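Student: quick one, what's the 3D model for this:
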Amino acid sequence: MLREAMYTTIKTLFDKGYNKTQIANMLGIDRGTVRNVLIRIEKGEEIKRKPVSSILDPYKEIIKTKINQELSAKRIFQDIQEYGYTGSYDTVKKYVGKYKKSHTKVYMVNNTLPGEEAQVDFGYIGKIPDPTGKFKKAWVFCMILSYSRLMYCEIVFNQEVETFIRCHENAFKYFGGVPKIVKIDNLKAAILEANFYEPIYQREYKEFGKYHGFSSIPCRVKTPTDKAKIESGVKYVKNNFFKGLSFKTYEEYTDKLKSWLDDICNVRIHGTTKKIPKEVFEGEEKLALMPLPIEKYDFSVWATRKVNTNCHICYESNFYSVPYRFINSEVTLWVCNKLNKIYSNYELIATHLKMEGKSQFSTNTVYYPDYKVKTKIQLQLEYRQKMEIIGPNALKFFDCILDE
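Tutor: Below you'll find the predicted structure:
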């Protein structure tokens, strides 16, 4: 069988005016072969290259799966050896490179309006002195406004929910307002289950978002392009400020970081927008932000409690009633703004004012079954009817007791 290159050569020579005999002599092949090739070409048949087997053929589906998992060619080479691959690393490397080149991902540019979106993330910065002088692992929290690229940063020593929320508050205060959307990474502080379509938000962060009026959008797992602006921002602060710097105290770190934000970060010409973030913010974005709430967010407490047989739960040595159908069930208590709200599977089932002191009861009688909350007159009427059924003497006796 002739190779694809031979077909191409025959067609090229024929197009240049050579006849079949001349082409056959030039290529050292039979004239009939030339004629057959030209007939096939004239009919418009596609000349396909004969498939060439590769040592990678039995492993290509495995390799494609691992490429999609973003594994390196070296790691893929090591993994497929366990499946019996005996070829070289270079063969794998060339195939992986060729596959990635032909399957390049396409991304859209995400443009936003002034005041529409902010992106947040943490970046690890190593061990530095905490406020007490003890060296601890530290992170830099960053929030960037997507339109102007104005950025806020602060140093933290954990990524807990309260820390995450306080960082948001400080960032909003720095900006002088609140964006409509906050795009977050799948941080444990905010997202309990990393699912882009049905995220289970950490309750406290969700309430914080409601209080300030912004919506939060979690990024998809292993999709850094969803928050490319903050990814670049975190990298910038780590390389431009923290890298190579060392201070003796936590206060020095915080003071220098604040100066860096005001004197370098937010007044430089941004590499992507080619504009100065501070100027764009002041001129176009500042007035588009939502106003800050008048009062600071009251950080709440969430707790799980079991409902006792008396239809109450206990919190801080005081007792709060819930509907009787939840007896022996676990419910969730949310304490915020001097209110106790009790939930069962995210359904609000009871609300009470938070009581001071100890051993006090806040009881709503509507939560009891009807037979437990009947009035004295209702009970007397029921028992009188029962006496009538027993007989006249029983009814007379009952009436005498009531008269006494």
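
Student: surely L145 touches F175?
Tutor: Yes. In this structure, L145 is within contact of F175 by CB atoms under 8 Å, at 6.7 Å. All C-beta spots, glycine's among them, are computed from the backbone N, C-alpha and C.

Student: surely I155 is within a strand?
Tutor: Yes. Under DSSP: H, G, I helix; E, B strand; the rest coil, I155 falls within a strand.

Student: and the pLDDT for it?
Tutor: pLDDT, I155: 95.

Student: okay but it is in contact with K256, surely?
Tutor: No. The pair I155 / K256 is not scored as a contact, 10.4 Å apart, by CB under 8 Å.

Student: who's more crowded, those two?
Tutor: For I155 versus K256, the count of surrounding residues by other CB atoms under 10 Å is larger for I155: 17 against 14.

Student: helices of the stretch 1-150 of the chain, start to end?
Tutor: 4-15, 20-27, 31-42, 60-68, 73-81, 89-102 (DSSP state H, counting those that start in this stretch).

Student: which of L145 and F175 has more neighbours?
Tutor: Each of L145 and F175 has its neighbours counted (other CB under 10 Å); L145 has more, 28 against 22.

Student: what's the closest non-adjacent residue to the more buried one?
Tutor: Leaving out its chain neighbours, the residue that sits closest to L145 by CB to CB, 6 or more residues apart in numbering is A118, at 5.3 Å.

Student: which secondary structure element of the protein has the lowest mean pLDDT?
Tutor: Using mean pLDDT, DSSP states H and E, strand 200-201 stands out as the lowest-scoring helix or strand of the chain, at a mean of 45.

Student: now the helix or strand that that one is followed by: mean pLDDT?
Tutor: Downstream of strand 200-201, the first helix or strand assigned by DSSP states H and E is helix 203-212. Mean pLDDT, helix 203-212: 85.

Student: buried stuff in the following helix or strand past helix 203-212?
Tutor: Remark: after helix 203-212, the chain's next helix or strand is strand 215-218, criterion DSSP H and E. Of the residues in strand 215-218, S216, P218 count as buried by neighbour count, 16 or more other CB atoms under 10 Å.

Student: what does stretch 118-134 give?
Tutor: Neighbour-count burial for stretch 118-134 flags A118, Q119, V120, D121, F122, G123, I125, I128, P129, D130 (criterion: 16+ other CB under 10 Å).

Student: for that stretch, the distance to its chain's centre please.
Tutor: Per CA atoms, centre = their mean, to the nearest Å, the displacement of stretch 118-134 from the mean C-alpha position of its chain is 21 Å.

Student: so which of the helices of the stretch 1-150 of the chain gets nearest N318?
Tutor: Closest approach to N318 among the helices of the stretch 1-150 of the chain (CB to CB): helix 60-68, 55.2 Å.

Student: same for that closest one, what does it pack against?
Tutor: The helices and strands touching helix 60-68, judged by 3 or more CB pairs under 8 Å, 6 or more residues apart in numbering; DSSP states H and E, are helix 73-81, helix 89-102.

Student: nearest to G32, out of those helices?
Tutor: Closest approach to G32 among the helices and strands packed on helix 60-68 (CB to CB): helix 89-102, 38.1 Å.

Student: what is the closest one packed up against?
Tutor: Helices and strands touching helix 89-102, by 3+ CB pairs under 8 Å, 6+ apart, are helix 60-68, helix 73-81.

Student: dump these into TSV; add distance to K206 and mean neighbour count as well.
Tutor: TSV is the format used below for the helices and strands packed on helix 89-102 (distance: least, CB to CB, whole Å; neighbours: other CB atoms under 10 Å):
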stretch	distance to K206	mean neighbour count
helix 60-68	32	14
helix 73-81	38	17
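
Student: closest to V366 out of these?
Tutor: Ranking these by their distance to V366 (criterion: CB to CB) puts helix 60-68 first, at 56.7 Å.

Student: contacts made by the closest one with the rest, please.
Tutor: Identification of contacts with helix 60-68 by CB atoms under 8 Å, 6 or more residues apart in numbering yields L56, R75, I76, D79, I80, Y83, V92, Y95, V96, Y99, K100, H103.

Student: in this structure, what spans have low per-residue confidence?
Tutor: Filtered on pLDDT under 70, the chain yields the residue ranges 1-5, 46-52, 104-110, 186-201, 219-227, 373-375, 404.

Student: how is it carved up into domains?
Tutor: Domain ranges of the chain: 4-42, 57-102, 117-288, 301-369, 374-404, per automatic domain parsing.

Student: deepest in the core, which of these is it.
Tutor: Burial of the domains of the chain is given as mean neighbour count (mean count of other CB atoms under 10 Å); domain 117-288 ranks first at a mean of 17.

Student: by contact count, what packs against the host helix or strand of K258?
Tutor: Per DSSP H and E: K258 is located in helix 250-263. Contacts defined by 3+ CB pairs under 8 Å, 6+ apart place helix 250-263 against strand 117-129, strand 151-156.

Student: now the angle from the shortest one to strand 117-129?
Tutor: For strand 151-156 against strand 117-129, the angle between stretch directions is 30 degrees (axes from the mean of the first three to the mean of the last three CA atoms, to 10 degrees).

Student: contacts made by strand 151-156 with the rest, please.
Tutor: Here strand 151-156 makes contact (CB under 8 Å, 6+ apart) with 122, 125, 128, 138-145, 163, 167, 170-171, 174-175, 233, 237, 250, 253-254, 257, 261, 265-266, 277.
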